[in-house]
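>>> Sequence plus the predicted model coming up.
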Amino acid sequence: MRRLTVAIGEADDVDAIGRQWLDLQARAAGSFFQSWAWIGTWLRQLPPGTPVRCIRVDDGARIVGLALVGLHEARRHRVLRSRQWCIAETGNPMHDALTVEHNGLLVDEQAGGDVVGAVCAHLSGLRSAWDELVASGVDAAEVPHYERAAGQCGLWTRVRWSKPYYCVAAADLVAAGGDYLAALSGNARYQIRRSMREYEKCGPLSITAAQSVPQAIDFFERLIELHQGYWKARGQPGAFACGFARAFHEALIRSQLELGHVQLLRVATGEQAIGYLYNFAHRGAIASYQSGFRYSDDAKLKPGLVSHALAIRSALASGAHSYDLLMGRQQYKEMLATRCGEMTWLVIQQPRLRFRLERGLGAFVTRLRSLRARIDRRRAPAADRLPHSNRA
């Protein structure tokens with residue numbers, strides 16, 4: 001391991017952190033969610049007094065690692081308390097409704113796993129300052145680096161849960177001659193093409209990118225109206241129910257649209273909009289963050305499939321190497337994607353007795369539920385235990 005030094009300080013000088021972040025960002029293979037566009041907007045939008053610390057890793061005079069962590073005291077099972085340091089989050093559900101993905105330490109590519117090891121080694125020496133380091137939405141491929149570094153320092157790791165994410169890679173279209181739809185399954189092609197034909201009966205399909213901040217804000221407001229209407233009708237709050245989330249995204253759009261890091265897209269048939277997409281652009285990767293669609297009772301009309309298909313073709317035609325549909329096991333994402341990855345919610349823990357007891361209790365409850373399920377199956381009538389194909 002390199003002889004790296006780690007420093008942890010207040011995150012109150014936003015401009016200084018921004019300069020350091022942008023310098024490191026140019027040498028790091030980070031995602032949009034690790035870029036200063038996202039991180040800087042988040043830091044500026046947090047209410048005054050929100051406890052945030054900056055972790056900096058130096059290799060001599062060169063910064064090779066950065067992270068902003070929110071400090072939070074969590075309570076689980078009513079009695080277990082934990083002082084959490086949350087990477088790019090605060091621990092406050094209202095402020096964390098943004099749902100960060102492709103998260104983790106921002107690391108100089110040449111430094112590699114040494115940075116994670118240095119941070120874990122430093123934190124292991126601060127036993128009284130923290131209990132858990134929470135890294136939400138880390139790519140599963142990066143998790144072994146964290147687990148190995150933590151284990152070498154006597155720290156524990158726990159995966160809270162994992163969720164799939166789906167993307168389209170330009171490299172996967174070679175065999176299809178560069179034709180995106182040809183790279184999909186027969187069923188996906190059929191549904192997209194049929195829906196396009198139905199929409200074109202009302203006018204030609206078009207996709208328009210907002211060219212100015214006022215136009216982007218207009219698209220964003222219309223997206224919110226469709227998005228919130230859809231989720232409220234299903235008894236869900238929607239992604240923009242929180243005032244903090246809405247203010248954050250408005251600030252992000254205003255600061256990043258003209259820099260090309262944010263896209264607001266309108267998909268229409270003739271003069272009628274059928275959907276709006278809110279995407280991020282970072283180093284040739286497009287991430288589709290949120291959307292709002294105009295649904296109808298006609299099952300042939302698939303505004304989500306059509307809107308994303310047009311956006312994907314447009315992105316790849318303009319030189320993007322990938323279009324990331326981000327996290328979630330929705331059917332439309334599986335249909336549109338050529339690849340699948342996994343996001344992991346990872347927790348690094350101090351070796352505390354209360355966490356050992358929590359793990360033991362969790363394992364006991366899991367075994368108890370499994371036992372109850374087996375007992376229920378044995379008690380079930382014989383006909384209910386037969387495979388479906390053997391039933392009369």
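Sure thing, it's come through.
>>> Just the pLDDT for Pro387.
Pro387 carries a pLDDT value of 46.
>>> now Leu24: how far from Phe248?
23 Å (C-beta to C-beta, to the nearest Å). (Glycine included, C-beta is placed from N, CA and C.)
>>> For those two, indicate the residue with more neighbours.
Between Leu24 and Phe248, counting by other C-beta atoms under 10 Å, Leu24 is the more crowded of the two (23 against 20).
>>> who touches that one in this structure?
63-66, 106, 108 (C-beta atoms under 8 Å, 6 or more residues apart in numbering).
>>> Let's see that with 10 Å instead.
Taking C-beta atoms under 10 Å, 6 or more residues apart in numbering, we find Leu24 in contact with 30, 34, 36, 56-57, 62-66, 106-108, 111.
>>> And it, how far from Leu66?
6 Å.
>>> Check Gln228 too.
From Gln228 to Leu66 the distance is 35 Å (C-beta to C-beta).
>>> The two: which has the busier surroundings?
Taking neighbours as other C-beta under 10 Å, Gln228 and Leu66 compare with Leu66 leading, 25 against 17.
>>> so the more buried one is in which element?
Using DSSP states H and E, Leu66 maps to strand 62-76.
>>> So for the helix or strand hosting Ser255, what gets flagged as buried?
Element membership for Ser255, per DSSP H and E: helix 243-256. By neighbour count on 16 or more other C-beta atoms under 10 Å, the buried set for helix 243-256 is 244-246, 248-250, 252-253, 255-256.
>>> Put together CSV for those residues, with distance to Arg148 and pLDDT on each row.
CSV is the format used below for those (distance: C-beta to C-beta, whole Å; pLDDT from 0 to 100):
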residue, distance to Arg148, pLDDT
Phe244, 35, 95
Ala245, 35, 95
Arg246, 40, 96
Phe248, 34, 97
His249, 36, 98
Glu250, 41, 98
Leu252, 34, 98
Ile253, 39, 98
Ser255, 37, 98
Gln256, 35, 98
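>>> Same list (these) but as TSV, adding distance to Leu325.
Formatted as TSV, the buried residues of helix 243-256 follow (distance: C-beta to C-beta, whole Å):
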residue	distance to Leu325
Phe244	25
Ala245	20
Arg246	22
Phe248	21
His249	18
Glu250	23
Leu252	19
Ile253	20
Ser255	25
Gln256	20
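>>> Farthest pair within those?
Phe244 and Gln256 (17.8 Å; C-beta to C-beta).
>>> quick revisit: what helices or strands is the helix holding Ser255 leaning on?
If contacts are counted by 3 or more C-beta pairs under 10 Å, 6 or more residues apart in numbering; DSSP states H and E, helix 243-256 sits against helix 36-45, helix 213-232, strand 262-269, strand 272-282, strand 285-293.
>>> domain parsing for this protein?
Per automatic domain parsing, the domain ranges recorded for the chain read 5-154, 167-341.
>>> Among the ones you listed, which comes closest to Ser370?
Short answer: domain 5-154, nearest of these by C-beta to C-beta, at 20.3 Å.
>>> What average pLDDT does the closest one get?
95.
>>> and if you look at stretch 307-323?
Stretch 307-323 comes out at a mean pLDDT of 96.
>>> Show me which residues of it are buried.
Buried-residue list, stretch 307-323, by 16+ other C-beta under 10 Å: 307-316, 320, 322-323.
>>> Out of those residues, list just those in helices.
307-316 (DSSP state H).
>>> if we can go back for a sec, would you mind giving the helices and strands packed on helix 243-256 as a markdown table with distance to Ala170 added?
Below are the helices and strands packed on helix 243-256 laid out as a markdown table (distance: least, C-beta to C-beta, whole Å):
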| stretch | distance to Ala170 |
| --- | --- |
| helix 36-45 | 23 |
| helix 213-232 | 26 |
| strand 262-269 | 17 |
| strand 272-282 | 14 |
| strand 285-293 | 10 |
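>>> Surely Phe280 is in contact with Ser288?
Yes - with contact defined as C-beta atoms under 10 Å, Phe280 reaches Ser288; the gap is 8.3 Å.
>>> Neighbour count: the two, which is higher?
Per other C-beta under 10 Å, whichever of Phe280 and Ser288 has more neighbours is Ser288, with 25 against 22.
>>> Spatially central residue in the protein, please.
Note on the chain: the residue nearest the mean C-alpha position is Glu101, at 2.3 Å, using C-alpha atoms, centre = their mean.
>>> For that one, list the residues it contacts.
Here Glu101 is in contact with 31-33, 136-139, 163, 165, 287, 289, 324, 326-327, 343 (C-beta under 10 Å, 6+ apart).
>>> Sketch out the low-pLDDT regions of the stretch 251-392 of the chain for me.
381-392 (pLDDT under 70).
>>> let's go with 50 and repeat that
Under the criterion pLDDT under 50, the flagged ranges of the stretch 251-392 of the chain are 383, 385-392.
>>> Could I get the full set of helices for the stretch 1-150 of the chain?
14-25, 36-45, 114-124, 143-152 (DSSP state H, counting those that start in this stretch).
>>> deepest of those, which one?
Mean neighbours per residue, mean count of other C-beta atoms under 10 Å, is largest over these for helix 114-124, with a mean of 22.
>>> so the longest helix that the chain contains versus strand 62-76, what angle?
Of all the segments of type helix in the chain, defined by DSSP H, the longest one is helix 353-379. Between helix 353-379 and strand 62-76, the angle comes out at 60 degrees (axes from the mean of the first three to the mean of the last three C-alpha atoms, to 10 degrees).
>>> Of all the residues in helix 353-379, which ones are buried?
354-355, 358.
>>> can you pull the contacts of the closest residue in space to Leu66 that isn't next to it in sequence?
Using C-beta to C-beta, 6 or more residues apart in numbering and skipping residues adjacent in sequence, the residue nearest Leu66 is Leu106, 4.8 Å away. Listed by C-beta under 10 Å, 6+ apart, the contact partners of Leu106 are 21, 24-25, 27-31, 34-36, 39, 55, 57, 63-68, 87-88, 115.
>>> any idea how far Leu106 is from Gln191?
Leu106 sits 39 Å away from Gln191, going by C-beta to C-beta.
>>> Also Tyr166?
In terms of C-beta to C-beta, Tyr166 sits 16 Å off from Gln191.
>>> just to revisit the earlier point, can you check which of the domains of the chain gets nearest to Thr366?
domain 5-154 (14.8 Å).
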